[in-house]
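# Provided below are the primary sequence and the corresponding predicted coordinates.
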Amino acid sequence: MNLKNVEKKKCEHATDPLSPSLPAQWDAINEMDEYFSPIHTYQVCNVMSPSQNNWLRTGWIPREGARRIYIEVKFTLRDCNSMPGVLGTCKETFNLYYYESDRAVGSAIRENQFIKIDTIAADESFTGVDLGVRRLKLNTEVRGVGPLNRRGFYLAFQDIGACIALTSVRVYYKRCVGVSRNLAVFTDVVTGADSSSLVEVRGQCVDHAEERDTPKMYCSAEGEWLVPIGRCVCSAGFEEHRDSCIACEVGFYKPVAGDGLCGKCPQHSHSETRAALSCPCDSNYYRAADDPAAASCSRPPSAPVNVISSVNGTSVNLEWDRPLDTGGRTDLQYSVLCQKCLAEGGTCEDCTSSPGVRFVPRQTGLTEPWVTVLNLVAHTNYSFRILAMNAVTHLSNEPSLYAQVNITTNQAAPSEVLAIRQENTSQNSVTLLWHEPDQPNGVILEYDIKYYEKDNDEQSYSTLKSKNTSARVSGLKPGTKYIFQVRARTSSLMVQLFSNCPVFIQLYLYVCACVCMCVCVCVCVCVYVCVCVCVCVCVCVCDLYRHCGYSKAFQDSDEEKMHYQNVSFPDARFYIDPHTYEDPCQAVHEFAREIEASRIKIEKIIGSGEFGEVCYGRMRLPGKRDIPVALKTLKAGYTEKQKRDFLAEASIMAQFDHPNVIHLEGVVTHSKPVMIITEYMENGSLDAFLRRHDGQFTIIQLVGLLRGIAAGMTYLSDLGYIHRDLAARNILVNSNLVCKVSDFGLSRVLEDDPDAAYTTSGGKIPIRWTAPEAISYRKFSSSSDVWSYGVVMWEVMSYGERPYWNLTNRDVIKSVEEGYRLPAPMGCPAALHTLMLDCWQKDRNERPRFCQIVTILDKLIRNPENLKSMDTLCSPPLMERSIPDFSSCNSVDDWLDTIKMGRYKEHFAAGGYHTLGHVICMNQGSSAPLAYNRHSLILKKCTFEVS
C-alpha cells in the first residue's frame, strides 16, 4: 500500500471524534528527493506548540484471510537539537495504531478505539545541514500485528510534536508458496497469527498416487516450509518420475503401490496395455496359485525318459530319468498309473483294485525317479504309465505327457495260508480246516501240513499232505501242546516256505485221554499294603526370605521392609525360548493353535507393522457367535528370517495366559497369507489413547491403568521373561480400560536367576525407555524392565507426552548418566513420582520388583488420600552431585558464571529473573527462560542446589 491509500485526517474541533484539541494537521506535500526524483509525502512539524495530537489515518484495508500483518513505514525525522527554541515541545517519536472492523466506517472512530501497535523512533534524524544538501536520512521500521479477526482494519499515525515526513507505508502479510514434496502437493497457505506459530498443511497426493503416511508440512511464521512429514507413493501400475507418477509402459508392470519402479514382464508373460498391474502368461504357460506376480510363467513338464523295469517274481522295480523339459519349474513330482491286462489285446483294469498291491515309497507325489510295486499277480501282463507333474499341470487343458512300460510277472509261490482252525478233537487226533490262499499264483495241487510238539522247538516234526482245505491228523500224544503250519503247492512246484513268523496262524492243541485240559489258574492274592508317607518334606525357609531393600515415605511402617521368598518349585512353569528350535514352525505348532483360514473374515486394515498389515476381522467359532480379532499378516515376498521372527512372536504369545497380557487366539500357517490372530483391543495403543482423552481421567483411574500393566509384567517376570521394549505404545487398551502388555518382538528369556541378564546381539534400542546399563552394556534384566515401567508411569501421568520432550538421544543418555531424572508431570501425586524415581535408581538392585510395585499401587488405590499430595515442581534430582560453592554469588549473573552457564544471562534478564530469589523455584511451569533441552535440566538441578 502506498501513501495514495492513506487518508488524511484534518484537525478540526472536538466535534470530530479523531480531531485533536489544537488546530494542527498532517500536510500532503510533493517534493524532490536527494536524487531529484519526485516523491509524495505526508508531513507534520508543529514543534513550537505543546501537547500536539495530530492523527493521520488510512482507508479501510481488507484483511484477505491474513491472521497476522506487517506494516513497513519509511520516514524522515528532524533532530530536535538542530532547531532552536523547541527543546520543551519537540519530540522525536510518533505512535502507530490500528482498528479492526468488518466494513468501512468512515470517520466514526474515536481515538480511544484505536489499539496501539508501537511507539516508533528514528535510527537517524536529519539536521538543517542535511536539509541544505537534500540528504534525507530515510528510516525504515517494520511492525507486526496479530491475530486479526475482523474482515478489515484501519491504520493510524499519531504525531505528538515531532517534525516528521512519511514517505511510504507498505502493508503486507506472509504466506508459504505452494510446493510439491514426496509426491504430495501443498497449496499456498497464510502464516499463523503468532510470530512462533506453525500452520499444519496436509498434502494432496498427485494423480495416480496414494498415501503411505499422511503427508504433512508446517508453514512457519516467516513463510517458509519446514521438513515434510509422511509421503505418498505411486499406485499399482505407476512409477515415480520427477514429481509425478507415470503409467508403466507396455511390457512392464507394477503389482502394488510403493516406491519401486515398473518391472519388466517376467519370462513367458506380457502386458498389452499401459499401467498394468500384472503380466498375464503367454498361451500354454501358467502361474501356480502361490506364485508371486514377479515369477516367470511356466508349463507342465514333458514325459520322463529312459524308463527301466526289473521284474522279480510278482514285484517290479521301475526307474527313469527326469523329463528333458521341466517346464521352467523345480517342483517336479511323479505319479505312477498301473493297469492289469487280462489277455493280449484284451481289456485292462486298475491294478490297485486287486488286494495287497503296494507302491514303495508311494504311488503319487514321488520326488525321486523310482518306485517298487509289490504283490502283483503272477503270470499277468501289466502296463505302467509314469507321469511327470508340477504345480501348473492341473491348469493345462492338454493331457499330461507320460512314459509307458509293459511287463509280465514271473512264476510265484502262493501266498500264506491263513485262518487255520481245529474241529473234532479226540484223544489222539484233531481235524484242521483252512482257507485257500488269497493269491494262489497258479493251480494249487496239494497242501503240506507241518506239526510238532511245542516243547521240542521244531527239532522233530512230522508232515502230512492234503488235496483239500482240510486234514485229519492222528497219532498225537494226549496232554501235549502242538504247533501246526500249512502251506500250498502249485502246479509250477512253487511253494511258500514254512515260517515261524508271528504273522502266520499257529494252532496250539491239548489232547487228553480223559478230561485233560490246560487250566489257567488265576490266583487272586489280596495284599494288604500299608503305604506310609515315603517323603515328608518339611521346608523350613527361615532365612530364605530376601530383603528387597525398598521402602518409601508414603508406605506404612509395616510395609517399610518387604521380604519375598525366592524359592523355585519343581512344578513351576517357565517360558521356553522359541529361538532354541531349529524350525520355527515346530515351535509355533507346539504352542499355538492352528486356525483354518476359512474361519477368518478380514474386514478392514487398521495399521501396518514390521512384517505386514494389521487388520480387524472376525473369527467364526463352532456353535458360538463370531468374535472380533486383530490379524497380523506376513507380507508377500517375505524372507526366511522374517518368517522365522514372525512365527517366533506367535510362539512367545502362545505361552502366556494372563488378563493383562495380550491373548493369542491362534495362527494361520497352512495357507497364505500367514497370520497371527489375537484378541481385538478396541482402544488401541495406550499412548495414542491417552492423547485422545487428555485430562479426562481421574488419578484413581490412571493408577488403575498402571496397576494392570504392573500385574502383567509381574506375571512375565515370574516366568523368567524380559520384555526389553516396555513403552506405552506397546500397551493395548480394550473397551473396559484394561491394559495388556503386547509386542514381544524384542523380548528374550531370562534364566531362573535373579541376577541373570540378556546380552543383545545388536539392533535398535529404545533409548528414552531403556535403563542405562542396558544402553551402555546391552545387559537386559527384569530390573531394566522396571526402569522402562517407570517411564511408562510418566507417560500415563502426562497423558502420552514424549519422554524428555525434544532432547536428542545423545542428550538423554548424557543427562541420565549425570543423574538427572524426568520431573513430575503436571498434577502428578508425589507418591507416584517417588515410585518413578525409585524405578530409575542407577543401581538396578535398588529398584523395586514388579510384585512390589503391584503391592504399592494396590495400597494407593485402597487409600486414595495418599494421592492428594501433589509433587512440587522443585523436587530435586535423584542422584547426588558435588555442589558448587554459591556463597560468593550475589546476583543471577554470578550464579550463571559459577555453573558455567553464562551464555544464558540475556535469557534470564529477558525472562524477568533479576535476583537469586527469582530462580530458586524456577521450573518448567513458570516460563523457564530457555527452551527445554539438556541445559535446562542442568539449570534446574543447580536451582535446587542454590536453594
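Structure received.

# residues near residue 44, how many?
Other residues near residue 44 come to 23 when the count uses other C-beta atoms under 10 Å. No exception for glycine: its C-beta is placed from N, CA and C like everyone else's.

# just give the closest residue to the residue nearest the centre of the chain, not the sequence neighbours.
The C-alpha lying nearest the average C-alpha coordinate of the chain belongs to residue 609 (C-alpha atoms, centre = their mean; 3.7 Å). Closest residue to residue 609 apart from its sequence neighbours, by C-beta to C-beta, 6 or more residues apart in numbering: residue 632 at 6.1 Å.

# next secondary structure after the helix or strand hosting the one you found?
Assessed by DSSP states H and E, residue 632 sits inside strand 627-633. As assigned by DSSP H and E, the chain's next helix or strand after strand 627-633 is helix 640-653.

# please state the offset of that next one from the chain centre?
Offset of helix 640-653 from its chain centre (C-alpha atoms, centre = their mean, to the nearest Å): 13 Å.

# what's the answer for stretch 643-659, then?
Here the centre of stretch 643-659 is set off from its chain's centre by 14 Å, with C-alpha atoms, centre = their mean.

# list the buried residues of that stretch.
Neighbour-count burial for stretch 643-659, counted by 16 or more other C-beta atoms under 10 Å, picks out 643-656, 658.

# would you mind confirming that residue 706 makes contact with residue 793?
Yes. At 5.8 Å, residue 706 and residue 793 qualify as touching, with contact defined as C-beta atoms under 8 Å.

# how many residues are close by residue 27?
Neighbours of residue 27 using other C-beta under 10 Å come to 14.

# ok, residue 782 next?
Residue 782 has 23 nearby residues by other C-beta under 10 Å.

# same deal with residue 705?
Residues contacting residue 705 under the criterion other C-beta under 10 Å number 23.

# name the element it belongs to?
Per DSSP H and E, residue 705 falls inside helix 699-718.

# about what we covered before: give me the common contacts of residue 706 and residue 793.
residue 832 (C-beta atoms under 8 Å, 6 or more residues apart in numbering).

# so between the two, which is more surrounded?
residue 793 (27 against 22).

# quickly note the distance from the more buried one to residue 739.
Look at residue 793 and residue 739: by C-beta to C-beta, to the nearest Å, they are 12 Å apart.

# got it, and residue 360?
Going from residue 360 to residue 739 by C-beta to C-beta gives 59 Å.

# those two: which is more packed in?
Ranked by neighbour count (other C-beta under 10 Å), residue 360 and residue 739 place residue 739 first, with 27 against 12.

# what's the local residue count around the nearest residue to the more buried one once chain neighbours are set aside?
Spatial nearest neighbour of residue 739, excluding adjacent residues (C-beta to C-beta, 6+ apart): residue 708 at 4.2 Å. For residue 708, the neighbour count with other C-beta under 10 Å is 21.

# settle this for me: residue 708 is touching residue 738, isn't it.
Yes. The pair residue 708 and residue 738 passes the contact test of C-beta under 8 Å, sitting 6.0 Å apart.

# anything in contact with each of these two?
Residues within reach of residue 708 and of residue 738 at once, by C-beta under 8 Å, 6+ apart, are residue 660.

# pretty sure residue 719 sits against residue 576.
No. Look at residue 719 against residue 576 with C-beta under 8 Å: they stay out of range, at 9.7 Å.

# residues shared between the contacts of those two?
Counting by C-beta under 8 Å, 6+ apart, the residues touching both residue 719 and residue 576 are residue 655.

# these two - which one has more neighbours?
The neighbour comparison of residue 719 against residue 576 (other C-beta under 10 Å) goes to residue 719, with 19 against 16.

# not counting sequence-adjacent ones, nearest residue to that one?
In this structure, residue 719 finds its nearest non-sequential neighbour in residue 575, 4.3 Å apart by C-beta to C-beta, 6+ apart.

# residue 720 versus that neighbour, what's the distance?
Noted for residue 575: a distance of 6 Å to residue 720, by C-beta to C-beta.

# cool, and residue 687?
Residue 687 is 28 Å from residue 720, by C-beta to C-beta.

# got it, and residue 630?
27 Å.

# and what of residue 678?
From residue 678 across to residue 720, the span is 23 Å (C-beta to C-beta).

# and for residue 627?
Distance from residue 627 to residue 720, counting by C-beta to C-beta: 31 Å.

# what about these two, which has more around it?
Counting neighbours by other C-beta under 10 Å for residue 627 and for residue 720 shows that residue 720 has the greater number, 19 against 13.

# the more buried one and residue 574 touch, don't they?
Yes. Using C-beta under 8 Å, residue 720 is in contact with residue 574, at 5.5 Å.

# chain neighbours aside, what residue packs nearest to residue 681?
residue 732 (3.8 Å).

# please identify the helix or strand for the one you found.
Going by DSSP H and E, residue 732 is in strand 731-733.

# can you list the residues that contact that strand?
Taking C-beta under 8 Å, 6+ apart as the rule, strand 731-733 contacts 662, 681-687, 689, 705, 709, 739-742, 792.

# which one among those residues gets closest to residue 865?
Each of the contacts of strand 731-733 was scored against residue 865 by C-beta to C-beta, and residue 705 proved nearest at 20.1 Å.

# nearest spatial neighbour of the closest one, skipping sequence neighbours?
Per C-beta to C-beta, 6+ apart, closest to residue 705 is residue 739, 5.2 Å.

# give me the phi and psi for the one you found.
For residue 739, the backbone dihedrals (degrees, to the nearest 10) come out as phi -90, psi 140.
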